[in-house]
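S.K.: With the sequence up front, the predicted model follows.
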Amino acid sequence: MNCNDVQQLLSEYLDGELPVEQQNAVRSHLAQCNACSAELKKYHTLRTRAASLPKEIAPPTHVWASIEQRIGTESIPQPGSIIHRESKAFWRNRLFAIAAMVLIVVGAFWIASRTTTQSWNVASIEGTITVGSAQVETEGKLRVGELLLTGQTSRARVEVGLIGHVDVEPNSRLRLIDASLTDHRLALDRGTIHATIWAPPRLFFVETPSALAVDLGCAYTLHVDSAGASTLEVTSGWVALEFGGMESIVPASTLCTTKPGFGPGTPFRDDASGAFKQALTQYDFERGGAGALAVVLGEARNMDSITLWHLLFRETGTQRARVYDRLAALVPAPEDVTREGMLNGDPEMIKAWQQHLNLGVKPWWKFWQL
Amino acid sequence: MILEARAIPHTSVHTPFVNERHVLEHTASTNLTPTVLRAQRGDRNAFEQLYRENAGRVYAVCLRICADGARAEELTQDVFVRTWQALPSFRGESAFSSWLHRIAVNVVLVNFRSQRRRTARVETMDDFEQYDSAESSVPLGTALDLEDAIQKLPPQARAIFVLHDVEGYKHEEIAEQLDLAVGTCKAQLHRARKLLKEALEQ
């Protein structure tokens, strides 16, 4: 091995990445070659200097002002942060809410007396599963805080209190977070579950690394990959995906993906064109911006209105107008809905078009970005 | 995959939502400082304080990887807006600064990949040859320091060098984030070091 050969390998030698034979050959050469040893020292110095570069560089002072402006329109939803006007309607609603709460509490105590709330029944559908620290071949109990693990071939069914069940596919890791009557909560770290719930909305929740799936009365499949990204496919009813103030409402026959740090993407139908789905991924997770949006709008069909409806709330200004125009071309708005009114976020018009599009009862106007 | 810096203690990737109960449970955690808790409840003054304490580290990684001051400012903004959006999910399982740094690196790399796709230009070893020839005709000056030399590296080599040698990430993590083979990642790092060494020798 001559000097030229050795000098080509010095960086890898420094990191200890060469095969043993080559590593030894380079070491032998360095022991008797001052020139190559000096080169190695330079690489070592470079690596040391790189590691000790300042970890902080002050950004220009105006950066914070821009951030402040941007987050000014994106508040973190806080319980009780809405200021109510003390009108007759307010007090009437409040009394109604108190009465409803009393009924719920009485009902809850009645149900509580008939069931356990600290664990859920779990059964193996196939193979041996791990529940907490126990190996289960037939039936067991999943307690709050415990993990349920399925192996390469094993599957399980978890009874969600009295309100439904969850089937757990192989290679899944599921944790029971809460088993109270008003908060049935699992965390899916990885793997796949099929949930079937027959309860009023917002009683069953699944936390994933990149979003919270909120049951709105439905059946769905949720998959979480090793990177924490998830894919939701709703088979009936509705599911909300929430993360950091962002929300996607996913109806039956619709999918939605989420990624750590981004939260939920825009819901879409699986039968949309490949170009549509690719552009939507770029828009949601790769800063595809106006270019990706243009492809999505160009490829959209009338049955993709759920996607365009979400985009209407995620865009502002001229891009929002483009989304509106495309949506209105595909699914004409009702007579009492005007372009100007919609672009100004008129709550009544949003509600009217929402009903026209059959997009559920969610108060979408609350999500309008100014 | 979310990058984990070697210099940063390992933390769970799982960051489920925080509700009031979780906040109460974790109040004792040293990572959920009073400032972080206030910011999670929507206090913008608290969030500004977190920005003041951490902006330098975020801006440094944005600037070194994208080598463009204006773009680095935009990315720094994006990082903190995303952090604001994601704050309810922070459960204090790692230091806030570590969590923020991971968001920063992921935002920068998503931007990096997006730009790479937009220009439909996959960097190959040929790019290094162009860099070699360009460097031979452009005098770098004797006062060229390491920061300047890093900025002049080809984009992909620069990102890999910064993440590996400056930030301390592993080849496997970088390769996965950049959609590269681990071998390609290593080859580009060694070539980047060679170019930097030569530039600094001048």
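M.R.: Right, received. Where do you want to start?
S.K.: rest of the way, CA atoms for contacts and neighbours
M.R.: Fine.
S.K.: Skip the chain neighbours and tell me the closest residue to A:Gly161.
M.R.: Nearest non-adjacent residue to A:Gly161, counting by CA to CA, 6 or more residues apart in numbering or on different chains: A:Trp120, 5.9 Å away.
S.K.: Remind me what the strand or helix carrying that neighbour packs against, helices and strands.
M.R.: For A:Trp120, the host element (DSSP states H and E) is strand A:119-126. Using 3 or more CA pairs under 8 Å, 6 or more residues apart in numbering or on different chains; DSSP states H and E as the contact test, the elements touching strand A:119-126 are strand A:139-143, strand A:155-160.
S.K.: Report the beta-bridge partners for the residue nearest to A:Gly161.
M.R.: A:Leu142 (DSSP bridges).
S.K.: Let me see the contact set for it.
M.R.: By CA atoms under 8 Å, 6 or more residues apart in numbering or on different chains, A:Trp120 lies in contact with A:141-143, A:158-161, A:179.
S.K.: nearest to chain B, of those?
M.R.: A:Ala179 (13.6 Å; CA to the nearest CA).
S.K.: Residue numbers of the stretch 251-370 of chain A in contact with chain B?
M.R.: Contact residues (CA under 8 Å from any CA of the partner chain) of the stretch 251-370 of chain A with chain B: A:260-263, A:282, A:285-288.
S.K.: Need those residues in CSV (columns: neighbour count, pLDDT and secondary structure).
M.R.: CSV is the format used below for these (neighbours: other CA atoms under 10 Å in any protein chain shown; pLDDT from 0 to 100; DSSP: H, G, I helix; E, B strand; the rest coil):
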residue, neighbour count, pLDDT, secondary structure
A:Pro260, 24, 85, coil
A:Gly261, 28, 79, coil
A:Phe262, 23, 82, coil
A:Gly263, 28, 83, strand
A:Gln282, 17, 93, helix
A:Phe285, 22, 89, helix
A:Glu286, 21, 86, coil
A:Arg287, 17, 82, coil
A:Gly288, 19, 82, coil
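S.K.: Now flag whichever of those residues is closest to B:Gly183.
M.R.: A:Glu286 (25.0 Å; CA to CA).
S.K.: wait, doesn't that closest one sit right on B:Val108?
M.R.: No: the pair A:Glu286 / B:Val108 is not scored as a contact, 10.3 Å apart, by CA atoms under 8 Å.
S.K.: Spatially nearest residue to the residue nearest the centre of chain A (excluding sequence neighbours)?
M.R.: In chain A, the C-alpha nearest the mean C-alpha coordinate belongs to A:Ala211, at 3.1 Å (CA atoms, centre = their mean). Nearest non-adjacent residue to A:Ala211, counting by CA to CA, 6+ apart: A:Phe243, 5.0 Å away.
S.K.: can you pull the pLDDT of that neighbour?
M.R.: pLDDT for A:Phe243: 82.
S.K.: Spit out the contact partners of it.
M.R.: Going by CA under 8 Å, 6+ apart, the list of residues near A:Phe243 reads A:210-212, A:263-264, B:17, B:85-86, B:88-89.
S.K.: what do you get if the cut-off is 10 Å, keeping everything else the same?
M.R.: By CA atoms under 10 Å, 6 or more residues apart in numbering or on different chains, the contact set of A:Phe243 is A:207-213, A:258, A:260-264, B:16-17, B:85-89.
S.K.: tally of neighbours for A:Ala25?
M.R.: As a burial measure, A:Ala25 scores 12 neighbours (other CA atoms under 10 Å in any protein chain shown).
S.K.: What helices and strands are in contact with the host helix or strand of it?
M.R.: Assessed by DSSP H and E, A:Ala25 sits inside helix A:20-31. With contacts taken as 3 or more CA pairs under 10 Å, 6 or more residues apart in numbering or on different chains; DSSP states H and E, helix A:20-31 sits against helix A:3-15, helix A:34-51.
S.K.: how much distance is there from it to the middle of the chain?
M.R.: 50 Å (CA atoms, centre = their mean, to the nearest Å).
S.K.: again, but for stretch A:309-329
M.R.: Centroid separation between stretch A:309-329 and its chain, computed with CA atoms, centre = their mean, is 23 Å.
S.K.: repeat for stretch A:299-310
M.R.: The chain centre lies 20 Å from the centre of stretch A:299-310; the measure is CA atoms, centre = their mean.
S.K.: Going by neighbour count, which residues in it are buried?
M.R.: By neighbour count with 16 or more other CA atoms under 10 Å in any protein chain shown, stretch A:299-310 contains the buried residues A:299-301, A:304-310.
S.K.: Please narrow those to those residing in helices.
M.R.: Secondary structure assignment (DSSP state H) places A:299, A:305-310 from these within helices.
S.K.: Please enumerate the helices of chain B.
M.R.: For chain B, the helices defined by DSSP H occupy B:20-26, B:34-40, B:44-66, B:69-86, B:96-118, B:125-137, B:146-151, B:155-161, B:171-178, B:182-201.
S.K.: Figure out which of the ones you listed is closest to A:Asp15.
M.R.: Closest to A:Asp15 of the helices of chain B is helix B:182-201 (CA to CA; 9.8 Å).
S.K.: What are the buried residues along that closest one?
M.R.: Across helix B:182-201, burial judged by 16+ other CA under 10 Å covers B:182, B:185-186, B:188-197, B:199-200.
S.K.: The residue nearest to the centre of chain A and A:Thr258 touch, don't they?
M.R.: Yes: contact between A:Ala211 and A:Thr258 holds when scored by CA atoms under 10 Å: they sit 6.6 Å apart.
S.K.: ok, back up a step: so which of the helices and strands packed on strand A:119-126 is the most surrounded?
M.R.: For those, average neighbour numbers computed from mean count of other CA atoms under 10 Å in any protein chain shown are highest in strand A:155-160, which has a mean of 22.
S.K.: Would you mind writing the CA trace of the helix or strand just after that strand as CSV?
M.R.: Note on strand A:155-160: by DSSP H and E, the next helix or strand toward the C-terminus is strand A:164-168. Only the C-alpha atoms of strand A:164-168 are listed here, as CSV (Å, rounded to 0.1, in the frame of the first residue of the first chain):
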residue,chain,number,x,y,z
GLY,A,164,-66.5,-1.3,21.4
HIS,A,165,-63.4,-3.3,20.6
VAL,A,166,-60.0,-3.0,18.9
ASP,A,167,-58.4,-5.7,16.9
VAL,A,168,-54.6,-5.6,17.1
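S.K.: for strand A:164-168, the distance to its chain's centre please.
M.R.: 20 Å.
S.K.: what ranges do the helices span in the stretch 251-370 of chain A?
M.R.: Using DSSP state H, counting those that start in this stretch, the helices of the stretch 251-370 of chain A run over A:274-285, A:289-299, A:305-314, A:317-330, A:339-343, A:347-356.
S.K.: Can you tell me which helices and strands the shortest one packs against?
M.R.: So that's helix A:339-343. In terms of contacts (3+ CA pairs under 10 Å, 6+ apart), helix A:339-343 is packed against helix A:317-330, helix A:347-356.
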